[in-house]
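**Q** quick one: sequence and predicted model below, then my questions.
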Amino acid sequence: MAIEDNSQVRTEGSVRDREIVAARVIVTCPGRNFVTLKIETRSGVYGLGDATLNGRELAVASYLQDHVIPNLIGRDAGRIEDTWQFFYRGAYWRRGPVTMTAIAAVDVALWDILSKIAGLPLYQMLGGRSRDGVLVYGHANGKDVEETVQEVGRYIEKGYKAVRAQSGVPGIKKAYGVSNLKNAYEPAESELPLETVWNTTKYLNTVPQLFEKLRATHGPDIELLHDGHHRMTPIEAARLARDLEPYRLFWLEDATPADNQQSFELIRRHSITPLAVGEVFNSIWDCKQLIEKQLIDYIRTTIVHAGGITHVRRLADFAALHQVRTGFHGATDLSPVCMGAALHFDTWVPNFGIQEYMQHCQETNDVFPHDYTFREGRLYCGQTPGHGVDIDEKLAAKYPYSPKQLPIARLEDGSMWDW
Ligand code: KDG
Ligand code: MG
């Protein structure tokens with residue numbers, strides 16, 4: 001069967017046009033590192049996929065270059081599902097962030113190609129619009145509660161309807177999510193990991209004060225979010241979730257590490273604060289229990305780190321059966337290519353919740369021209385065929401790779417902790 005299909009590639013006109021004749025990996029650092037896969041067909045149509053895995057970029061570049069691209073040449077770009085299965089099932093060594101990011105890059109590039117051939121924006125290929133614009137949340141942060149409250153105000157003035165708030169904590173030198181640069185929080189800032197010191201007690205004493213002040217200052221309508229970034233144990237997370245109930249959060253994210261999915265039962269038992277998790281997940285299997293037991297409200301797993309549109313579509317459909325909605329990861333370490341694909345997905349997916357939108361810097365936007373736009377708290381994907389994001393390769397070549405790793409966290413006694 002496979003052999004017959006391959007012979008069609010060589011003889012059928014349109015299938016022949018879709019034959020993959022070249023693929024290459026582009027590594028660039030316009031403000032931060034990005035890895036992009038470009039796939040070209042015989043007819044000259046090309047597609048782009050994001051392959052960026054923060055702090056581990058070259059592992060994915062090598063996986064693509066050495067193990068994926070040789071298998072892509074000669075394949076029909078229209079066989080998206082079969083190509084996905086080939087790289088997932090066929091690799092024998094399945095799952096994991098490196099593999100699933102590489103598969104995602106191929107998958108998104110193929111969806112881009114097929115949409116371009118059809119002459120349609122990608123969301124049409126998925127089934128068309130479910131909404132006009134995509135609700136997004138921005139990142140407000142400050143060195144203390146006062147400054148963070150002001151920063152949230154700045155986002156509201158800019159039209160945001162949802163804002164994530166992260167504040168400095170007295171006694172913690174470098175709290176997660178707080179930067180000197182305000183909009184541009186880039187945690188991967190040094191060649192070897194920066195060592196930060198963590199204290200959960202101090203954190204748990206500060207966060208409820210922050211949200212009390214936010215509600216008192218900005219009123220009941222603005223949606224407020226917070227990221228615990230895996231630092232709490234389940235019972236500590238349950239306490240924070242309960243303490244935050246009066247301030248009605250849109251969600252509390254990554255309250256505790258989800259390696260043991262069952263640990264979310266404990267948080268759920270004690271609190272009605274909505275929970276979001278999953279930016280580090282690579283597969284539906286990482287959240288099967290969380291979803292089917294309704295232990296979470298939002299799934300954050302996004303296209304670039306979980307096998308692309310083909311796999312995340314499956315995950316979203318499964319989540320819909322359990323009234324779990326999507327809330328895709330959208331930090332700046334996910335390139336505009338991922339953002340473009342995510343916005344088309346968000347425009348289609350019936351069980352959409354929210355999309356994270358941490359704005360890229362000007363250098364990044366110049367390297368990746370795109371057609372999505374922000375208006376009154378929502379992002380709108382464009383009508384260009386494909387996912388609407390391109391790469392300026394000449395400009396990209398001017399920004400060579402710059403090795404950077406994410407920080408680590410230790411407790412005050414030196415023990416390693418979750419960053
Ligand atoms: O690479 C790690 C970042 O993407 C992560 O720290 C950002 O937690 C994050 C978020 O919610 O955006
Ligand atoms: Mg997060």
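**A** Cool, the structure landed. Note that the coordinates shown come from a computational prediction; the quantities given were computed from them, not determined experimentally. Residues are numbered from 1 along each chain as shown. Ligands and ions are numbered 1, 2, ... in the order given.

**Q** just the buried positions in stretch 383-394, please.
**A** Burial within stretch 383-394, assessed by neighbour count using 16 or more other CB atoms under 10 Å, is assigned to Thr384, Pro385, Gly386, His387, Gly388, Val389, Asp390, Ile391. For the C-beta atoms, the positions are set from N, CA and C on the backbone; glycine is no exception.

**Q** can I get that stretch in PDB, CA atoms only?
**A** Written as PDB, here are the backbone C-alpha positions of stretch 383-394 (Å, rounded to 0.1, in the frame of the first residue of the first chain):
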ATOM      1  CA  GLN A 383      -6.900  36.000   5.900                       C
ATOM      2  CA  THR A 384      -3.600  35.200   4.200                       C
ATOM      3  CA  PRO A 385      -3.600  31.500   3.000                       C
ATOM      4  CA  GLY A 386      -1.800  29.400   5.500                       C
ATOM      5  CA  HIS A 387      -1.000  30.400   9.100                       C
ATOM      6  CA  GLY A 388       0.000  33.900   8.000                       C
ATOM      7  CA  VAL A 389       3.500  34.100   9.400                       C
ATOM      8  CA  ASP A 390       6.600  34.300   7.200                       C
ATOM      9  CA  ILE A 391      10.400  34.500   7.900                       C
ATOM     10  CA  ASP A 392      12.900  37.000   6.500                       C
ATOM     11  CA  GLU A 393      15.800  34.700   6.100                       C
ATOM     12  CA  LYS A 394      18.300  37.400   5.200                       C
END
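
**Q** same question for it, mean pLDDT?
**A** Throughout stretch 383-394, pLDDT has a mean value of 98.

**Q** do stretch 41-52 as well
**A** The model assigns stretch 41-52 a mean pLDDT of 98.

**Q** so for that stretch, first residue to last residue, what's the gap.
**A** End-to-end distance of stretch 41-52 (CA to CA, to the nearest Å): 23 Å.

**Q** who in the stretch 251-400 of the chain is up against ligand 2?
**A** Within the stretch 251-400 of the chain, the positions near ligand 2 by CB under 5 Å from the ion are Glu279.

**Q** so which residue of the stretch 251-400 of the chain comes closest to ligand 1?
**A** Ala331 (3.5 Å; CB to the nearest ligand atom).

**Q** what sits against that residue?
**A** Contacts here follow CB atoms under 8 Å, 6 or more residues apart in numbering; on that basis Ala331 touches Glu279, Glu356, Met358.

**Q** of the residues you listed, which belong to strands?
**A** Counting by DSSP state E, the part of the contacts of Ala331 found in strands is Glu356.

**Q** redo the contacts of Ala331 as CSV? Include pLDDT and neighbour count.
**A** What follows is these, written out as CSV (pLDDT from 0 to 100; neighbours: other CB atoms under 10 Å):
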residue, pLDDT, neighbour count
Glu279, 98, 23
Glu356, 98, 25
Met358, 95, 20
